[in-house]
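Colleague: Could you look at this predicted model? Sequence included:
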Amino acid sequence: MRWALVKVSLAVTTMVVVAFAVPLGLVIREMARDRAFSNAEREAAAVAPALSITTDRDQLERVVASAGSDAGMAVHIPASGGTAAVDLGRRRAADGDIATVRRLGRASTTEVPGGSTLLQPVALSSGEIAVVEVFVPDAAVTNGLATAWAVLAGVGVALIVGSVAVADRLGVRMVRPAQRLVEGAHELGEGKLGARVPEEGPNELRLAAVAFNSMADQVVQLLANERELAADLSHRLRTPLTVLRLNAASLGDGPAAEQTRTAVAQLEREVDTIIRTAREAKPQTAAAGPGAGCDAAEVVRERMAFWSALAEDEGRKVRVAGVDRPVRIPVARADLAAALDALLGNVFRHTPEGTAFAVDVHNGEDAVIVLVSDAGPGISDPEAAMARGRGSGSAGSTGLGLDIVRRLAESTGGDVRIGSSVLGGTEVRIWIQLDGRAPVRRGHRGSVRRRRPGKLVSTFNRPRSLP
């Protein structure tokens with residue numbers, strides 16, 4: 001497109017320059033010719049007054065010498081009244097041309113070797129017609145013509161070069177947005193869903209870029225919706241499966257009870273496979289805009305209302321703190337619910353009945369911390385547990401719960417840490433960064449801080465009481 005535009009501009013500008021330069025060059029040539037013959041007419045007119053007064057040869061020679069070069073001017077006086085004809089200067093015109101001018105009484109030009117002559121008739125006092133001949137050489141006709149044509153050619157070339165340069169810049173302005181649009185389409189086709197096109201250039205290409213970016217945002221949103229739907233479905237499956245497994249554990253002994261527990265375990269493995277497949281998919285989400293995210297306090301209250309019913313059946317004491325006020329976080333509601341379900345599900349799966357647990361929400365200036373703690377046996381190797389969360393897995397555990405939590409925290413620039421709870425068991429700290437920066441404090445014990453007039457204070461070692 002760029003070179004095609006340059007070629008079109010070159011062709012059009014060349015035609016325009018030729019269309020104007022050729023006639024202008026001819027006009028300049030005619031102007032130079034007219035200038036030369038105008039000078040000749042002035043020289044002839046300077047001799048006419050003397051001829052009307054006298055025909056004396058000596059006097060006329062002095063007049064001709066003062067009017068112009070005697071080599072370029074001649075005077076032809078016819079014979080009359082017994083006076084012989086007088087010819088002054090060099091004759092170049094033919095006798096017939098001079099006779100024709102006398103007869104017609106009009107000035108005339110005629111071609112002669114080396115140039116042209118102007119034949120100007122002048123009336124004498126005797127009534128005869130004398131003819132003044134002025135020679136105009138070819139050099140006088142073309143004087144300054146070459147310079148004028150050179151300037152005209154230079155201007156034409158400058159116009160052509162300038163038009164090509166302007167066309168090239170316009171071509172770049174048109175082609176570059178088109179190239180970026182093509183590159184963005186290729187990147188989007190390769191799965192780089194963050195590819196966007198600058199909305200610049202001509203109006204048509206700018207509209208195309210706006211449409212492309214809107215389409216890319218829509219694709220990202222659709223994929224994010226699919227991922228959220230898969231996560232939501234997996235959460236809905238894992239929660240009733242946890243209840244079913246706990247109920248199956250209370251069936252006692254016997255073939256039917258064993259078959260039920262085996263079926264539940266098989267179903268859990270199948271669900272884990274589905275969740276693992278969904279979680280291994282590369283997450284692609286659009287950047288969160290103003291107002292995106294959810295109220296962490298509301299989500300915690302909702303999920304604890306569900307798990308509290310099951311905790312009551314198992315005789316577990318539950319405590320919830322820090323959810324009396326809204327706590328906005330840059331995390332999707334479904335993602336936070338999935339993370340809480342994963343951690344609380346781990347409490348029910350890996351601690352005995354009657355084990356107490358608690359959920360605390362701490363709202364700081366630049367971060368929100370969610371603590372899930374229990375009074376169970378604890379985790380002997382937190383690093384190994386986090387390794388399972390990264391997908392290594394182990395017998396009886398897929399590690400997907402901590403993986404869900406880790407992904408949620410790291411998507412905000414935060415992290416997940418496992419420590420010892422003051423309840424005697426495990427405490428999982430989810431650090432959710434509000435401004436996308438790295439967490440300020442990353443230690444285990446003493447690194448989590450509760451809000452006080454704009455600050456957080458240490459809570460890892462502060463005694464807690466359960467209702």
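Modeller: Here it is on my side, so go on. Numbers count the residues shown, from 1 in each chain.
Colleague: Can you give me the neighbour number for the residue nearest to Arg33 when sequence neighbours are not counted?
Modeller: Leaving aside its chain neighbours, Arg33 sits nearest to Val141 (5.1 Å; criterion: Cβ to Cβ, 6 or more residues apart in numbering). C-beta coordinates here come from the backbone N, C-alpha and C atoms, glycine included. The number of residues packed near Val141 is 17, by other Cβ atoms under 10 Å.
Colleague: In contact with Val141, which residues?
Modeller: Ala32, Arg33, Ala36, Gly115, Ser116 (Cβ atoms under 8 Å, 6 or more residues apart in numbering).
Colleague: Kindly reformat those residues as a markdown table containing pLDDT, distance to Asp97 and secondary structure.
Modeller: Listed next are these as a markdown table, based on pLDDT from 0 to 100; distance: Cβ to Cβ, whole Å; DSSP: H, G, I helix; E, B strand; the rest coil:
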| residue | pLDDT | distance to Asp97 | secondary structure |
| --- | --- | --- | --- |
| Ala32 | 82 | 24 | helix |
| Arg33 | 81 | 19 | helix |
| Ala36 | 82 | 19 | helix |
| Gly115 | 84 | 14 | strand |
| Ser116 | 85 | 11 | strand |
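Colleague: Of the residues you listed, which is the nearest to Leu237?
Modeller: Ala32 (98.9 Å; Cβ to Cβ).
Colleague: And the strands in the stretch 101-250 of the chain?
Modeller: Per DSSP state E, counting those that start in this stretch, the stretch 101-250 of the chain carries strands over the ranges 108-112, 115-123, 129-137.
Colleague: Now the shortest one: buried residues?
Modeller: Buried positions in strand 108-112, judged by neighbour count with 16 or more other Cβ atoms under 10 Å: Ser108, Thr109, Thr110, Val112.
Colleague: Tell me how far the residue nearest to Arg33 lies from Gln120.
Modeller: Relative to Gln120, Val141 is positioned 18 Å away (Cβ to Cβ, to the nearest Å).
Colleague: now do Ser52
Modeller: Distance from Ser52 to Gln120, by Cβ to Cβ: 13 Å.
Colleague: Which of those two has more residues huddled nearby?
Modeller: Higher neighbour count among Ser52 and Gln120: Gln120, with 23 against 13, using other Cβ under 10 Å.
Colleague: Now name the helix or strand holding the closest residue to that one other than its chain neighbours.
Modeller: Spatially, and ignoring its direct neighbours in sequence, Gln120 is nearest to Ala44 (3.8 Å; Cβ to Cβ, 6+ apart). Secondary structure assigned from DSSP states H and E places Ala44 in helix 2-53.
Colleague: Touching whichever helix or strand comes after that helix from outside, list them.
Modeller: Sequence-wise, the next helix or strand downstream of helix 2-53 (DSSP H and E) is helix 57-67. Outside helix 57-67, the residues within contact range by Cβ under 8 Å, 6+ apart are 43, 46-47, 50-51, 54, 70, 73, 75, 77, 86, 88-89.
Colleague: mind running it again at 7 Å?
Modeller: Residues from elsewhere that reach helix 57-67, judged by Cβ atoms under 7 Å, 6 or more residues apart in numbering: Glu43, Ala46, Val47, Ala50, Asp70, Met73, Val75, Val86, Leu88, Gly89.
Colleague: Just say which of the strands of the stretch 101-250 of the chain is most tucked in.
Modeller: Counting by mean count of other Cβ atoms under 10 Å, strand 129-137 has the highest mean neighbour count of the strands of the stretch 101-250 of the chain, with a mean of 23.
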